[in-house]
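Trainee: below is the sequence, then the predicted model.
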Amino acid sequence: MRRRGRTYRQRQQRQRQRQQQQQQQLAARGRPCTDKTWSDLRSWCKARGMAKTKLTLAYFPGTLRGMMATKGIGAGEDLVRVPESLLVTASKVRRLVTASMRSAAACSRSGSTHLPWTLSEHQSLTYWLYTESEKPSGSEWCMYIDSLPRDFASVPLSTLAGQTPSSRIAMDASEASWIMGHLPYSAQQRAIEQYERLHRDWAQTCGFLELLGLAAPAVWRRYVWAWLAVNTRCIHLGRRRAATDRRSSEGGSRDSRDSMALAPVLDFLNHSEQADVTTFYDSARRQFVIKTNRAFSRGEEVFISYGPHDNRFMLLEYGFVLRHNPYQVLELDHAVKAWVDAAKSRSRAAKRPSSAAMQPADIDELIDTLKQHRLWGDFTVSLDDLEPSYRLTAALRLLLLAEQRSMTPKQAVALWGRWRRGLVEKTAAEQSADRAVQQAIGAWMCAVCQGMARLSQRMLRETSIDSKEQLQSQSQSQSQSQSQSQSQGSIGSVDRFLVQCLHTVWLEISSIAQRCLENLETAASEQRNGAEQQHP
Ligand SMILES: C[S@@+](CC[C@H](N)C(=O)[O-])C[C@H]1O[C@@H](n2cnc3c(N)ncnc32)[C@H](O)[C@@H]1O
């Protein structure tokens, strides 16, 4: 039977329904941004040669502000092409400063326009962003600067940096000590190094500008903002070429020594570990290009990849974490170092040290052996196999072998060398030492995982948003008892998103530690069963 054609009204109704469905789908995925800042930025970029893209700024439930496909994007298509004129690089900053110095009286007095540029790329871009954002008459780049986040509160360093520069993290601010106290050990160390880098960059920039007779960045919090904007948003242009391989850097073009840049529009793209993009510099058209190797449908969030990083790195560098990060590992450097410290104290505390017992100097020698073989540090357990990594096994094997009473440190190193070369133990004594060290590694791993599981349970309680709010009201009511809250650190006004990220990190740690424990228990019971069958 032939279907009768639809009436005009039915067609109209169906079209309306389809439009409504599409709008609902879009809203579930993300909400396009209707902000004037975005339309101004787009027009400003267009006037400077940026071609139209199939991307628009939008807000998404999980990732907040990011880029949405306005049309279907096919695999192999360009996502965005940023013209040279819109890339801010260190060489451009250097040329701008040189040009301003040429016209400055200070420079004509010295009669030289040569600038011995000593700032790093990060320092140069931070200085540029700082000065542009401070310009009283408005910057030529104000459209771009207005599009940047007002703060980077979810990046721990933003709080750890404090209100004034200081040579080390000021733990008297209770929010800073709360954050440090809730970072995993490995992240604490990285946060300290990050702070030292920020402070060194600020001090070196001030010193350099004073030498040139230019105003140094005086407002610390603004400098921290500019530094974090560069750290979280700059793109990597590819490998730096050697100075001899450099092409002309005159005429405003990019110097091939530049390896990073600030790039408007492109820096709205969020990260996904599933993103598959190719980035390159099209020297014929003088544009930085990002191509996607997978398709995106209309309304979908478009991602790039910031690299294969675990969540601790993501949190410290970018202020977010992935719910399921494929690069997650349990980092155990702190536990190995704690074992070393404890072994040294035990040895020092022994009243009559026996000639066979390890002395602190022996332990240092063993560590040197591991360092010589590039096997000291970066001790992990991966989520894939829940086994200690080769580096961790190697370190534990050497240290725990040497700790056995039957063995001198020299003998331990020799036996360890045989294990590294994959040789089978020959004598009965060697075989028994090997069995004993395997058991000792199992016991060590068990104790460490139990400790990590206990610690993560506490951290999970303290970073759950409910308890955050409870603690916040407690800390408000206890605001008079400053000394107490300062020594323990208070959650105070710590960014809510940062607290959620910390919670996710501790969930990961707890999950790996628990699963690792289960694995160890299964292995131990299999061993027991095997032994019982051999000697019933
Ligand atoms: C290059 S910018 C991307 C644009 C940024 N979302 C914005 O609003 O301007 C990098 C920052 O975006 C955020 N971000 C990137 N990928 C993310 C993700 N998968 N989930 C949550 N936030 C993300 C982080 O705050 C990060 O520091």
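Mentor: Looks like it came in fine. A quick note: this is a predicted structure, and the numbers were derived from the prediction, not measured.
Trainee: the closest residue in space to Leu79 that isn't next to it in sequence: what's it in contact with?
Mentor: Closest residue to Leu79 apart from its sequence neighbours, by C-beta to C-beta, 6 or more residues apart in numbering: Ile290 at 4.6 Å. The way it works is simple: take the backbone N, C-alpha and C, and place the C-beta from them, glycine included. Listed by C-beta atoms under 8 Å, 6 or more residues apart in numbering, the contact partners of Ile290 are 78-80, 266, 269, 277-279, 304.
Trainee: ok, now with 7 Å
Mentor: By C-beta atoms under 7 Å, 6 or more residues apart in numbering, the residues touching Ile290 are 79-80, 266, 277, 279, 304.
Trainee: make a markdown table out of those and add neighbour count.
Mentor: A markdown table is the format used below for these (neighbours: other C-beta atoms under 10 Å):
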| residue | neighbour count |
| --- | --- |
| Leu79 | 24 |
| Val80 | 25 |
| Leu266 | 25 |
| Val277 | 16 |
| Thr279 | 16 |
| Ile304 | 19 |
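Trainee: which members of these additionally contact the ligand?
Mentor: Near the ligand, judged by C-beta under 6 Å from any ligand atom, there are no entries from the contacts of Ile290.
Trainee: wait, Ile73 touches Asn293, no?
Mentor: No. With contact defined as C-beta atoms under 7 Å, Ile73 does not count as touching Asn293 (11.1 Å).
Trainee: higher neighbour count, these two?
Mentor: Set Ile73 next to Asn293 and count neighbours by other C-beta atoms under 10 Å: Ile73 wins out with 21 against 11.
Trainee: mind checking pLDDT for the residue in the stretch 51-200 of the chain positioned nearest to the ligand?
Mentor: Nearest to the ligand, among the residues of the stretch 51-200 of the chain, is Arg65, at 3.1 Å (C-beta to the nearest ligand atom). Note on Arg65: pLDDT of 95.
Trainee: identify the residue nearest it in space, chain neighbours excluded?
Mentor: Tyr59 (5.8 Å).
Trainee: now do the domain split for this structure, please.
Mentor: Structural domains annotated on the chain: 31-87+263-311, 89-262, 329-478+485-534, as defined by automatic domain parsing.
Trainee: run the chain-centre distance for the first one.
Mentor: How far domain 31-87+263-311 lies from its chain's middle: 21 Å, per C-alpha atoms, centre = their mean, to the nearest Å.
Trainee: now this structure, which segments are flagged as low pLDDT?
Mentor: 1-6, 19-28, 103-115, 239-256, 351-357, 425, 466-489, 531, 534-536 (pLDDT under 70).
Trainee: could you tell me which residues of it lie near the ligand?
Mentor: So the chain meets the ligand at 63-66, 149, 232-233, 267-272, 318-320 (C-beta under 6 Å from any ligand atom).
Trainee: out of the residues you listed, list just those in strands.
Mentor: 64-66, 270-271 (DSSP state E).
Trainee: quick check: PyMOL command selecting the buried ones in those residues.
Mentor: In PyMOL syntax, the buried subset of these is picked out as below (16 or more other C-beta atoms under 10 Å):
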select buried, resi 65+66+270+271
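Trainee: distance of Tyr390 from the ligand?
Mentor: Distance of Tyr390 to the ligand, computed by C-beta to the nearest ligand atom, to the nearest Å: 31 Å.
Trainee: show me where the stretch 351-500 of the chain has its helices.
Mentor: Per DSSP state H, counting those that start in this stretch, the stretch 351-500 of the chain carries helices over the ranges 360-372, 390-403, 409-420, 428-463, 465-477, 482-488, 496-534.
Trainee: and the fourth one, what does it pack against?
Mentor: For helix 428-463, the helices and strands in contact under the criterion 3 or more C-beta pairs under 7 Å, 6 or more residues apart in numbering; DSSP states H and E are helix 390-403, helix 496-534.
Trainee: what of the second one?
Mentor: Helices and strands touching helix 390-403, by 3+ C-beta pairs under 7 Å, 6+ apart, are helix 333-349, helix 360-372, helix 409-420, helix 428-463.
Trainee: mean neighbour count added to those helices, as TSV?
Mentor: Shown next, in TSV, are those (neighbours: other C-beta under 10 Å):
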stretch	mean neighbour count
helix 333-349	15
helix 360-372	16
helix 409-420	17
helix 428-463	17
